[in-house]
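Undergrad: Could you work out the structure for the sequence below:
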Amino acid sequence: MFLYEYELGKAGDTIARELFKLKAGETFVITADTESDARVVDATARAAFAVGAKPMVIWLASPLGVGKAADPMLPVEALTAVLKETDAWIEFNNEWLLYSTPYDIATKENKKLRYLNACGMNPDLMVRCIGRVNYPLLGKFLERLREMTMSAKHVRLTTPAGQDLEFDNSSDPNHLYTLAKGYADKPGSHMLAGQISWTPDLESINGSLVFDGSIVPPCGKLDEPVRLTIEKSKVIKIEGGNQAREFEVWLNSFNDPGMLRLAHASWGFNPGAKLTGDIVEDERVWGCTEWGLGNIGPMLIAPDGVSAASHTDGICLNTSAWLDEKLILDKGRVVEGELAKLAKELGKA
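TA: Residues are numbered from 1 along each chain as shown. Okay, the predicted model is just below:
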C-alpha cells in the first residue's frame with residue numbers, strides 16, 4: 001500500500017491553489033463520511049489553511065444510500081444551512097451527497113458556491129488523478145472532444161463486451177454538455193478532471209447497453225457483464241449473473257419509474273485513472289463510456305433537471321465511438337487526428 005505522504009501534500013496544494021483558486025478569508029467546507037479516508041481530508045484542509053482560507057471539515061455517519069436516498073440518515077437542515085453560506089465545498093463522502101436534498105438546495109440558493117465532487121477519494125487516487133495531471137493539456141483535449149460531441153447529430157457506441165447503442169443528441173438548448181476539467185474556480189458544480197457528460201434525446205436511445213467495468217451503487221466492480229436492453233431510454237430487460245440480479249432488485253426497490261430511465265452519457269478520459277470499483281475514478285478510465293440512470297441534475301438539463309429517487313452509474317470499457325459515422329475511438333484508443341495527437345502528448349497513444 002502506497003502512503004504518498006509527500007505527493008499527497010502536492011495534490012492538496014493543487015486542489016487549493018490551482019483547482020479552487022482559494023482566496024484568503026474564504027470559507028472552504030470539506031464533507032466526509034465514516035467510509036472516507038482522513039488522509040486526503042487532512043491534506044486538503046492543510047493546503048486550504050496555508051493559502052489563508054478557513055477550512056471547515058464536516059464528518060458524517062455513512063448513509064445507507066446516495067443522493068436523496070441518503071436524506072433520512074443526514075442532518076439535512078443543519079448541513080443545508082452550512083452549505084448555503086459557504087464559498088467553496090469539496091465532497092469526499094464515499095456515500096455521496098450529490099443530488100441529495102442539501103446539495104439540491106445549496107446549489108440552487110447559494111449562487112456563489114463552488115462545488116467539486118471528489119467522492120471516495122483516497123491517497124493513491126488523489127495523487128494519480130489530481131496531483132499528476134497536466135491540467136492545461138488535458139483541458140485542451142476535453143474541450144476539443146466536447147466541441148465534436150456537441151456538433152454531432154447521431155452517436156453510436158459499441159464495446160467488445162457486446163454493447164451496441166445508438167442515439168441522437170438533443171437540439172433542446174436546455175440539454176447541457178458538462179465539461180469536467182477539474183477546476184472549481186467559478187460558481188457551480190464541478191467534477192474531477194477527465195469527463196464530459198450530456199443527456200441525449202431520451203426518446204432516441206435504443207439498443208444494448210453493457211456494463212463491464214463497475215456499477216455504483218449497488219454492485220461496485222463487476223465480475224461479469226450486465227446487459228441492459230434499452231428502448232427510448234427505458235430499461236426493459238436486465239440480463240447477466242448474480243450482479244445483474246442485484247442491480248435489478250436495487251433499481252426496482254425504489255418503486256420509481258425514473259430509476260429505469262437513462263439519465264446521461266459520459267466520456268471518460270483521465271490519463272491517471274484505472275478501474276478500481278471507485279466510481280469517481282472508474283468513470284474517468286481512458287476510453288470508457290459511462291451511463292447514469294435515475295435523477296438528472298440541473299447541470300445536465302436546465303433549469304431544474306428531472307427528479308428521481310436516486311442515481312447510479314455504470315461503466316462500459318474499451319468503447320468504440322462514431323460521431324455522425326466518423327470513428328473517433330476504437331476500442332478505447334483515440335484515433336481521430338487532432339485528438340490522437342493530444343492523447344499522445346498526455347501519454348495515452
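Undergrad: CA only for contacts and neighbour counts going forward, please
TA: Noted.
Undergrad: so how far does stretch 316-326 reach from one end to the other?
TA: By C-alpha to C-alpha, to the nearest Å, the extent of stretch 316-326 from end to end equals 20 Å.
Undergrad: Give me the below-cutoff pLDDT ranges for the chain.
TA: Low-confidence segments of the chain (pLDDT under 70): 1.
Undergrad: Between its first and last residues, how far does stretch 207-218 reach?
TA: For stretch 207-218, the end-to-end distance is 23 Å (C-alpha to C-alpha).
Undergrad: Please state the offset of that stretch from the chain centre?
TA: 14 Å (C-alpha atoms, centre = their mean, to the nearest Å).
Undergrad: likewise stretch 218-229?
TA: 18 Å.
Undergrad: Same check on stretch 26-46?
TA: 19 Å.
Undergrad: contacts for it?
TA: 8-9, 12-13, 15-16, 48, 52-62, 83, 86-95, 120-123, 126 (C-alpha atoms under 8 Å, 6 or more residues apart in numbering).
Undergrad: Sort out which residues of that stretch are buried, please.
TA: Within stretch 26-46, the residues that qualify as buried are 26-33, 35-46, counting by 16 or more other C-alpha atoms under 10 Å.
Undergrad: In helices only, show me the residues you listed.
TA: 38-46 (DSSP state H).
Undergrad: so which of those residues comes closest to residue 229?
TA: Distance to residue 229, by C-alpha to C-alpha, is smallest for residue 40 among those, at 39.3 Å.
Undergrad: Just the buried positions in the helix or strand containing residue 106, please.
TA: Element membership for residue 106, per DSSP states H and E: helix 101-109. Applying a neighbour-count criterion of 16+ other C-alpha under 10 Å, one finds 101-104, 106-107 buried in helix 101-109.
Undergrad: For residue 305, give me its contacts.
TA: 295-299.
Undergrad: swap the cut-off to 6 Å and go again
TA: 296-298 (C-alpha atoms under 6 Å, 6 or more residues apart in numbering).
Undergrad: just curious, which of the ones in helices among the buried residues of stretch 26-46 is nearest to residue 159?
TA: Using C-alpha to C-alpha, those come closest to residue 159 at residue 40, 34.5 Å.
Undergrad: sorry, back to before: need the buried ones from the contacts of residue 305 selected in ChimeraX.
TA: To isolate the buried members of these in ChimeraX, using 16+ other C-alpha under 10 Å:
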select :296,297,298
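Undergrad: Which single one of the contacts of residue 305 is nearest to residue 74?
TA: residue 297 (19.9 Å).
Undergrad: What sits closest to the closest one if chain neighbours are left out?
TA: residue 305 (4.6 Å; C-alpha to C-alpha, 6 or more residues apart in numbering).
Undergrad: now that neighbour: how far from residue 264?
TA: Distance of residue 305 to residue 264, given as C-alpha to C-alpha: 11 Å.
Undergrad: Residue 49 too?
TA: For residue 49 relative to residue 264 (C-alpha to C-alpha), the value is 36 Å.
Undergrad: And the two? Which one has more around it.
TA: The neighbour comparison of residue 49 against residue 264 (other C-alpha atoms under 10 Å) goes to residue 264, with 24 against 19.
Undergrad: and that one, what element?
TA: strand 262-268.
Undergrad: Using CSV, list the CA coordinates for that strand.
TA: This file holds the C-alpha atoms of strand 262-268, laid out as CSV (Å, rounded to 0.1, in the frame of the first residue of the first chain):
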residue,chain,number,x,y,z
LEU,A,262,-31.1,6.6,-18.7
ALA,A,263,-30.1,10.0,-17.4
HIS,A,264,-26.8,10.8,-19.2
ALA,A,265,-23.9,9.6,-21.3
SER,A,266,-20.3,10.4,-20.4
TRP,A,267,-16.9,10.1,-22.0
GLY,A,268,-14.1,9.0,-19.6
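Undergrad: on that earlier part again, of the contacts of stretch 26-46, grab the buried ones for PyMOL.
TA: To isolate the buried members of those in PyMOL, using 16+ other C-alpha under 10 Å:
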select buried, resi 8+9+12+13+15+16+48+53+54+55+56+57+59+60+62+83+86+87+88+89+90+91+92+93+94+95+120+121+122+123+126
